[in-house]
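>>> Mind folding the following:
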Amino acid sequence: MNLKVICLGTGSPEPTLSRASSGYLVEVEDKKILIDCGGGVFGRLMEYGLLPYEITHLVFSHLHSDHMIDYPRFIHAIWDANKPFPKIYGPKPLKKINERIFGKRGMLSFDLIARTQLPASQEVWVARGGDLPRPWPSIKINEIDEHWKFVDGELKIMSCLVPHAEPFLKCLGFRFEYKDKSFVYSGDAGLCPEIEILCKDADLLIHWCYRMSDETIYPKVTEKSPSAKDIAKMAKNCGVKKLLLTHMRKHMDKEINQIKIKKELTDNFSGISGIAEDLLKIDL
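Okay, the predicted model is just below:
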C-alpha cells in the first residue's frame, strides 16, 4: 500500500470552473483523510469517486472560508445518509464554528428542525432504515495546535505553525509520513523556519503560491506570500524531491503567467516540479 495524494481543490477564494478552493485527499491503508474542505471540494470528492461518508478523517489547516465553506454540506450529507462522522481535527475556534452551524440555534437549525420533526421527513428517514425520534447531528471536534501529532500504525502526521492570518486565525502546515514516504502540505503559509523543518527531505511538497514574483502592489500580502521562486529555493534547500504549487488565482492561470511560474520553478529547483490541478493524483 502506497501513500496517495489527490488534489481536489487547487484554487483560491476566486470562483473558477477549473479550480475548486482548497482541498486534498490522502489515501493510505483503510484511511481516507480529507485536508480542508473549501468551496467545490464536495463535488470534486464525488468526481474522484468517493462519497462524503467514506472519509475517515477531516483535518483543517485553518478556518478561512476557502478552506472550509463546504464543511456544512459535507457533514449534512453524512448525517442525512445516517452514516458515522469522520474524526475531525482543526485549530480553534472550530468547535465554536461547528456549534454555530449545527447547534440548536445554529445556521442550519431551521433545516434540522424540519427534517427531524416534519412527518413527511420522518417517513423518509424511517424508509432509509433510521429510527425515530431522528437524532440531531452530534459531531465531535478535536481542536489542535502546532504541537499536534497523530499516529495510527505506520501513519504519522505532524503539524507546525505557519504565518498567514495571525492573530485572528491560527494556521497550520502538516507533514504526513507512511513507511519511507513523506508528504508536506503547507496550508496557506509564508516562509518560516518551522515549515522548513517540516519539509526536510520530503518526497512531495504542495505549497500555496498566491502571487507572481513581480506583483508588488500588495506589500502586506507580499510579506507572507512567497513567490514561485521563493518556494523553489526553499524546497531545494530542504531536499524536497517533488514540488507542486497550488492556490492559483485567476490571473495566475493565464498561459503567459503559467509559463513564468514554471520557469521560476525549473530555474531554482532541481527536482520534479509543476502546478497542481484539480483531480491530480500522486502515488508516492
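
>>> what about Ile55, how many residues close to it?
Here the count is done by other Cβ atoms under 10 Å, and Ile55 has 21 residues near it. C-betas here are computed from N, CA, C, even on glycine.

>>> what's it in contact with, if anything?
Contacts were defined as Cβ atoms under 8 Å, 6 or more residues apart in numbering; by that measure Ile55 touches 32-34, 45, 74, 86.

>>> Just the pLDDT for it.
As predicted, Ile55 sits at a pLDDT of 99.

>>> ok, now how distant is it from Leu45?
The spacing between Ile55 and Leu45, counted by Cβ to Cβ, to the nearest Å, is 8 Å.

>>> which residues are common contacts for the two?
Common contacts of Ile55 and Leu45, defined by Cβ under 8 Å, 6+ apart, comprise Leu34.

>>> residues touching Tyr71, list them.
For Tyr71, the set of contacting residues under the criterion of Cβ under 8 Å, 6+ apart consists of 37, 58, 101.

>>> Walking through the stretch 51-200 of the chain, point out its helices one by one.
Ranges of helices in the stretch 51-200 of the chain, per DSSP state H, counting those that start in this stretch, are 71-80, 94-102, 109-117, 119-127, 193-199.

>>> TSV for those, including distance to Met234?
Formatted as TSV, the entries for the helices of the stretch 51-200 of the chain read as follows, by distance: least, Cβ to Cβ, whole Å:
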stretch	distance to Met234
helix 71-80	30
helix 94-102	29
helix 109-117	45
helix 119-127	52
helix 193-199	6
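
>>> Show me the residue at the heart of the chain, geometrically.
Asp36 (2.5 Å; Cα atoms, centre = their mean).

>>> got the contact list for that residue?
Asp36 is in contact with 9, 22-24, 59-61, 67-68, 187, counting by Cβ under 8 Å, 6+ apart.

>>> Okay, and which of these map to strands?
9, 23-24, 59 (DSSP state E).

>>> and which of those residues is nearest Pro226?
Taking Cβ to Cβ as the measure, Pro226 sits nearest to Tyr24 out of the ones in strands among the contacts of Asp36, at 19.1 Å.

>>> Quick check: chain neighbours aside, which residue is closest to the closest one?
Leaving aside its chain neighbours, Tyr24 sits nearest to Ile35 (4.4 Å; criterion: Cβ to Cβ, 6 or more residues apart in numbering).

>>> Hmm, Gly9 and the one you found touching each other?
No: applying Cβ atoms under 8 Å as the test, Ile35 and Gly9 come out as separate, 10.0 Å apart.

>>> Any stretches of the stretch 101-250 of the chain with poor pLDDT?
Residue ranges of the stretch 101-250 of the chain with pLDDT under 70: 217.

>>> returning to that earlier point: pick the most buried one from the helices of the stretch 51-200 of the chain.
Using mean count of other Cβ atoms under 10 Å, the stretch among these with the largest mean neighbour count is helix 71-80, at a mean of 20.

>>> What is the distance between that one and the centre of its chain?
Helix 71-80 has its average C-alpha position 17 Å from the chain's average C-alpha position, going by Cα atoms, centre = their mean, to the nearest Å.

>>> I'd like to know how far Ile206 sits from Val5.
Taking Cβ to Cβ as the measure, Ile206 falls 7 Å from Val5.

>>> Overlap of the contact sets of the two?
Here Ile206 and Val5 share the contacting residues 24, 183, scored by Cβ under 8 Å, 6+ apart.

>>> what sits up against stretch 108-120?
In this structure, residues lying in contact with stretch 108-120 by Cβ under 8 Å, 6+ apart are 72, 76, 80, 101-103, 121-122, 125, 133-137.

>>> Right, I'll call it a day here.
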